[in-house]
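> quick one: sequence and predicted model below, then my questions.
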Amino acid sequence: MQDIMINEILASDPTKPVLIAGPTASGKSDLALEIATRSGGVIVNADALQVYENWRILSARPSKNDEDKAPHSLYGHISWDQDYSVGEWLRDVRILLNGDNRLIIVGGTGLYFTALTQGLADIPPTSQEIRETANKLLAQHGIQHLLNALDDETRAAIDVQNPMRVQRAWEVLTQTNRSIVDWQRTTPAPILRLDRALPILFDIEKDILNGRIETRFQKMIELGALEEVRENYDRWDPTLLSSKAIGAPELIAYLAGETTLDDACTRATIATRQFAKRQRTWFRSKMGLWRRYSPHAK
RNA sequence: GGCGGGUUGGCGGAGAGGUUACGCACCGGAUUGCAAAUCCGUGUAGACCGGUUCGAUUCCGGUACCCGCCU
């Protein structure tokens, strides 16, 4: 099964980028590496946290050894205190797409793949000032306050109970004077149409995946996750995107003496499992046309 | 052996004679720019047996188990 799939990919039209999506701990990076080493191409990261330079172990980024075997892109290229988002990722990928190498895009961030193959509204990035104002307004006056500033159409279109969604709508309107739904209505064509790519979705039985997740965090600890987190201890800022890496807040809490290592591991494992569930939900609902790949099936 | 307290959904943990406590986990879902984020939804649980009552998880009695104190 596995070999058939790989052979098919190796024999496929080399102008088509290979897309590999899948939940954490599914082994998708291994597949990407195998394809890259056997047929060439550059492996491109499609994971929101593997872009961070400071979390090689925690974000399960390819090892230096792996990186020597094939060219890798968009891994660890963002520093710990920088913002990053789908928009920037898309800009990064567009540049690579225009290059000569075949792209093997791998990752677990469903939003990235959806934006890549279905398009993303061309909204200018939110300025730092507006972001901070929004944060402040939300914290001080609550979600309703931001909601009141929106137009009816937007209010009807977004999840008004979700502060993130409401804040985003508010930020877009405030910054561009145009509602987010209006922007979305004029979403440009995707950078890469699905039929111009080879989209593969790792489809792993829940119990099997949970079994792998169960041992995953312990392995990270053995690889030195604790040291990695310790290096970030003094500059720790929980509001940064990079601080959202699963395991980071948990291990920071342990280093701060707020909990035991055992408890930190348990909570990180739970968070990983929950994350995988959300990924599955995304894949199920938005990636129906992707070719399923079940390497662990018996 | 005696006296007292306790026994609530997977776990933690409340109140009330007749509405869903709640939190966590689990499961399902949403999600076009912080997405490893954020949010939404789902639980006939009340140790067991009997009684009182129109109605008991809530009152009464007994049984079992647990925890104290006493002999």
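Good, I have the coordinates.
> what helix or strand is the residue in the stretch 51-200 of chain A that RNA strand B sits nearest to on?
For the stretch 51-200 of chain A and RNA strand B, the shortest gap (CB to the nearest atom of the strand) falls at A:G87, measuring 1.6 Å. Yep, even glycine has a C-beta here, placed from its N, CA and C like the rest. Counting by DSSP states H and E, the element that carries A:G87 is helix A:86-97.
> the top helix by length along chain A and RNA strand B in contact?
With DSSP state H applied, the helix covering the greatest number of residues in chain A is identified as helix A:261-286. Yes. Helix A:261-286 is in contact with RNA strand B by CB under 7 Å from any atom of the strand, via A:270-271, A:273-275, A:277-282, A:284-286.
> that helix - contacts with which helices or strands?
Using 3 or more CB pairs under 8 Å, 6 or more residues apart in numbering; DSSP states H and E as the contact criterion, the elements in contact with helix A:261-286 are helix A:110-118, helix A:206-223, helix A:248-255.
> count the residues that sit near A:Y293.
If you count neighbours by other CB atoms under 10 Å, A:Y293 ends up with 22.
> and A:A149, by the same measure?
Other residues near A:A149 number 13, with proximity taken as other CB under 10 Å.
> ok, now which ones touch the closest residue to it other than its chain neighbours?
Closest residue to A:A149 in three dimensions, ignoring its sequence neighbours and counting by CB to CB, 6 or more residues apart in numbering: A:W170, at 5.9 Å. Taking CB atoms under 8 Å, 6 or more residues apart in numbering as the criterion, A:W170 is in contact with A:A134, A:L137, A:L146, A:A149, A:L150.
> which ones, among those, also lie beside RNA strand B?
Checking the contacts of A:W170 against RNA strand B (CB under 7 Å from any atom of the strand), the matches are A:A134.
> and the contacts of A:W170, which are buried?
Buried positions within the contacts of A:W170, assessed by neighbour count (16 or more other CB atoms under 10 Å), are A:A134, A:L137, A:L146, A:L150.
> so A:V166 sits against A:L146, correct?
Yes. Because the distance of 5.2 Å satisfies CB atoms under 8 Å, A:V166 is recorded as touching A:L146.
> can you check which residues contact both of those two?
Residues touching both A:V166 and A:L146 (CB under 8 Å, 6+ apart) are A:L138.
> would you list the helices and strands packed on helix A:261-286 in CSV and tack on distance to A:Q175?
Written out in CSV, the entries for the helices and strands packed on helix A:261-286 read as follows (distance: least, CB to CB, whole Å):
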stretch, distance to A:Q175
helix A:110-118, 19
helix A:206-223, 39
helix A:248-255, 30
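> between these, which one is closest to A:W55.
Comparison of these against A:W55 by CB to CB identifies helix A:248-255 as nearest, at 7.1 Å.
> which strands or helices does that closest one pack on?
The criterion is 3+ CB pairs under 8 Å, 6+ apart, and the helices and strands that helix A:248-255 contacts are helix A:225-230, helix A:261-286.
> pick the most deeply packed of the ones you listed.
Highest mean neighbour count of those: helix A:225-230, a mean of 18 (counted as mean count of other CB atoms under 10 Å).
> state the mean pLDDT of that one.
Per-residue confidence for helix A:225-230 averages out to 97 on the pLDDT scale.
> is it anywhere near RNA strand B?
No. Applying CB under 7 Å from any atom of the strand, one finds helix A:225-230 separated from RNA strand B by no less than 10.7 Å.
> name the surrounding residues that touch that helix.
Outside of helix A:225-230, the residues within contact range by CB under 8 Å, 6+ apart are A:N54, A:W55, A:R56, A:I57, A:L58, A:F217, A:G247, A:A248, A:L251, A:I252, A:L255.
> what subset of those residues is buried?
A:N54, A:W55, A:R56, A:I57, A:L58, A:F217, A:G247, A:A248, A:L251, A:I252, A:L255.
> ok so, going back, A:K69: which of the helices and strands packed on helix A:248-255 is closest?
Of all the helices and strands packed on helix A:248-255, helix A:225-230 sits nearest to A:K69, with 22.3 Å by CB to CB.
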